[in-house]
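Asks: Sharing a model that was predicted from the sequence below.
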Amino acid sequence: MIDDRETAVPPSSLAARLWHRIPALLRAILVGFLVLQVGGAVSGALLLVNLKLSPRAPWFLPATIAWLWLFWRYANGWGWPPSTSRSRRVALRGRPLSGRVWAWSLFAGLLGMASVMGLVFVTARFGSLPPEAARAPFDVTSYPWWTVLSIFLAIAATAGVVEEAAFRGYMLSTIQRRHGWLTGIAFVGLMFYLAHLSHAYATLAFLPFFLIYSGFHGLLVYLTRSILPSVVLHSIADFVVVPMQFGVVPDPGHLKFVTHGGFTLVLAAAAALPFRRLAAVAREEGLAEADFRE
């Protein structure tokens with residue numbers, strides 16, 4: 001059903017032609033994880049240095065925002081070398097959207113994202129998880145509230161911008177052009193899971209969650225031909241869930257409606273009609289055809 005191949009940017013040099021001889025799946029892995037590591041490493045370094053030197057003055061937040069702005073601009077085609085500018089812009093899929101598409105993307109996306117995030121608590125309830133899965137990545141209790149808030153904002157913004165650029169941008173674009181949307185979305189979901197294996201909770205029990213989470217964002221990109229709604233929704237989701245992971249705010253893990261799937265099913269059903277409307281608006285605006293003119 002989802003199989004819309006777009007024309008790749010033609011290679012213009014020997015190096016580019018040699019690069020394009022590498023299988024698309026391998027190129028996708030290499031580029032996607034490079035984007036992920038570069039984008040996340042700088043943000044992480046800013047956070048760690050600031051917390052070590054001056055935790056009461058969270059200058060890492062504006063510094064992280066500045067870095068993410070530069071990161072996005074470069075990934076979207078700005079800067080050297082100019083010969084790769086168009087390729088980077090097309091791969092990122094940072095295309096601006098109309099107000100109507102934004103409205104339906106966020107309406108459907110918030111319902112869908114809440115439904116998907118409910119699977120976290122279902123998995124935690126029924127999955128076999130190690131004891132360290134419930135531990136916070138590091139202790140934030142000794143920091144003032146404004147620093148803690150800045151930590152969560154920086155983590156959420158970095159996750160939204162960098163992970164969407166890496167996975168639903170560069171990685172998905174590379175695979176989709178060669179193998180189609182379904183293969184691209186499925187493969188990116190698997191890579192998204194593997195990228196999180198450093199987290200203690202990312203056991204095999206959480207594999208379905210990561211596949212569904214990535215598939216949800218892949219569907220948004222397919223409908224809108226842009227990663228911008230996913231950047232916003234991913235950031236919002238992390239800003240809500242990460243404080244729970246750090247133990248700063250209580251989670252709904254004690255509510256049977258949440259842990260037994262009722263929350264997920266109700267919101268998934270509520271998201272169905274908004275997603276249908278989003279698909280209709282996207283067709284009216286010719287977003288699929290815009291890929292071929294990019």
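Replies: On my side now, so go ahead.

Asks: could you pull out the helices for the stretch 51-200 of the chain?
Replies: For the stretch 51-200 of the chain, the helices defined by DSSP state H, counting those that start in this stretch cover 60-75, 85-92, 99-126, 145-158, 172-179, 181-195.

Asks: for those helices, which one sits closest to L30?
Replies: helix 172-179 (9.4 Å; C-beta to C-beta). No exception for glycine: its C-beta is placed from N, CA and C like everyone else's.

Asks: Identify the residues contacting G32.
Replies: 166-167, 170-171, 174, 188, 191 (C-beta atoms under 8 Å, 6 or more residues apart in numbering).

Asks: who touches the residue nearest to the spatial centre of the chain in this structure?
Replies: Nearest to the geometric centre of the chain sits E164, at 3.4 Å (C-alpha atoms, centre = their mean). Taking C-beta under 8 Å, 6+ apart, we find E164 in contact with 217, 227, 230-231, 234.

Asks: V122 now?
Replies: Applying C-beta under 8 Å, 6+ apart, the residues contacting V122 are 258-261, 264.

Asks: now swap in L219 and tell me
Replies: L219 neighbours (C-beta under 8 Å, 6+ apart): 185, 275.

Asks: Need the nearest residue in space to L92, chain neighbours excluded.
Replies: Nearest residue to L92 in three dimensions, chain neighbours excluded: G169, at 4.5 Å (C-beta to C-beta, 6 or more residues apart in numbering).

Asks: ignore the last one, W146
Replies: Closest to W146 by C-beta to C-beta, 6+ apart is P58, at 6.5 Å.

Asks: starting at the chain centroid, how far to stretch 79-87?
Replies: Remark: stretch 79-87 is offset 24 Å from the chain centroid, using C-alpha atoms, centre = their mean, to the nearest Å.

Asks: Let me know which of the helices of the stretch 51-200 of the chain is tucked in deepest.
Replies: Among these, judged by mean count of other C-beta atoms under 10 Å, the one packed with the most neighbours on average is helix 172-179 (a mean of 23).
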